[in-house]
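1. just coords:
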């Protein structure tokens, strides 16, 4: 078994900051080229969405997906530039999904400014998202070299999963909280893997693919990315109820207030304990006070929902570690993957 490089809190931060900064710097020229090809009107809206006018690097996002693609290429002994088409493509489709998600969910803010649909209108948001999606495949097929077509096929499959996952997530809102038609833990986890894990799986697997990795290594990187995505989603579900508003920028108990069916709530309702029975009347009520929401959060914890979600996040983190152990790579790259994984479950926002 290969040993891993010990990672301290300071080195975690330095590794992630350096890897993220590099991914943004290397990928941004391709993103700007893609947006410029859309013509003056749409290109201006694209620049607005990506916040290229801001001097704050954090405003443009964390670049998690491009970072994963470049790290995967380096993990198999290639230069990060080999994975740039994959890094740019995944960032384009990720932003396509953000623009459309804001529209679907009615979210008025994105990265501290009005969402595209709010600032430029619904039609512009739909068209910009569609255009970014198309540009992603243009980059893979036009600049991806011998592996471009295979990477494009993987992206098409991943995006199909994302869309199906999004549809299921929406349909969950129409289903009852309890009974035979209630959303099960297994159904929720399958939805989360599709909606969140598939694109992270593409990031890592396509990075390895474009760097010349063999099929088994590519699939191992796909599993690694999916585990990362599920660890992220489990943590996001916990923060959606108990996160600190000062850190998340969202109100405490937000997911309860919005009536979302997330993992802690679903697990708590399925626990068949006294707290679960009390919880049913609260989550299913047409009107709820702040006191009701606080009580619901307490009951979810009492029924074990929070612990279950946190345990699932750790289980998927273990899955990441297992994938890393099975792959030979430079110690610093392994440490970067580990640091990124820890940041996803240790984050406050």
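-> Received the coordinates, thanks. Here the structure is a predicted model, which means the values were calculated and not measured. Residues are numbered from 1 along each chain as shown.
2. residue contacts, residue 183?
-> 172, 175, 261, 266 (C-beta atoms under 8 Å, 6 or more residues apart in numbering). Placement of C-beta: from N, CA and C, glycine included.
3. show the buried residues in those.
-> For those, a neighbour count by 16 or more other C-beta atoms under 10 Å gives the buried set as 172, 261, 266.
4. give me the number of residues near residue 180?
-> For residue 180, the number of neighbouring residues by other C-beta atoms under 10 Å comes to 5.
5. what do you get for residue 130?
-> With other C-beta under 10 Å as criterion, residue 130 counts 13.
6. which SS class is it?
-> Put simply, residue 130 is helix when judged by DSSP: H, G, I helix; E, B strand; the rest coil.
7. give me the pLDDT value at the spatially closest residue to it that is not a sequence neighbour.
-> In space, and not counting its chain neighbours, residue 130 is closest to residue 96: 7.5 Å by C-beta to C-beta, 6 or more residues apart in numbering. Looking at residue 96, its pLDDT stands at 97.
8. for residue 344, same thing?
-> 80.
9. so who does it touch?
-> 228, 231, 232, 235.
10. secondary structure class for it?
-> helix.
11. quick one on the thing from earlier: correct me, but the residue nearest to residue 130 touches residue 127?
-> No: here residue 96 lies out of contact with residue 127, judged by C-beta atoms under 8 Å, at a distance of 11.0 Å.
12. looking at the two, which is more packed in?
-> Shown here are residue 96 and residue 127; by other C-beta under 10 Å, residue 96 has more neighbours (21 against 18).
13. element containing that one, please.
-> helix 84-105 (DSSP states H and E).
14. output the contacting helices and strands for that helix.
-> If contacts are counted by 3 or more C-beta pairs under 8 Å, 6 or more residues apart in numbering; DSSP states H and E, helix 84-105 sits against helix 9-36, helix 40-50, helix 64-75, helix 116-120, helix 122-143, helix 148-172, helix 198-210.
15. sheet-wise, list the partners of the following helix or strand past that helix with their directions.
-> Under the assignment DSSP H and E, the closest C-terminal helix or strand after helix 84-105 is strand 109-110. Paired neighbours of strand 109-110 in the sheet (DSSP bridges): strand 113-114 (antiparallel).
16. how far does the strand it pairs with sit from its chain's centre?
-> Computed by C-alpha atoms, centre = their mean, to the nearest Å, the chain-centroid distance of strand 113-114 equals 20 Å.
17. do stretch 317-334 as well
-> For stretch 317-334 - counting by C-alpha atoms, centre = their mean - the centre lies 20 Å from the chain centre.
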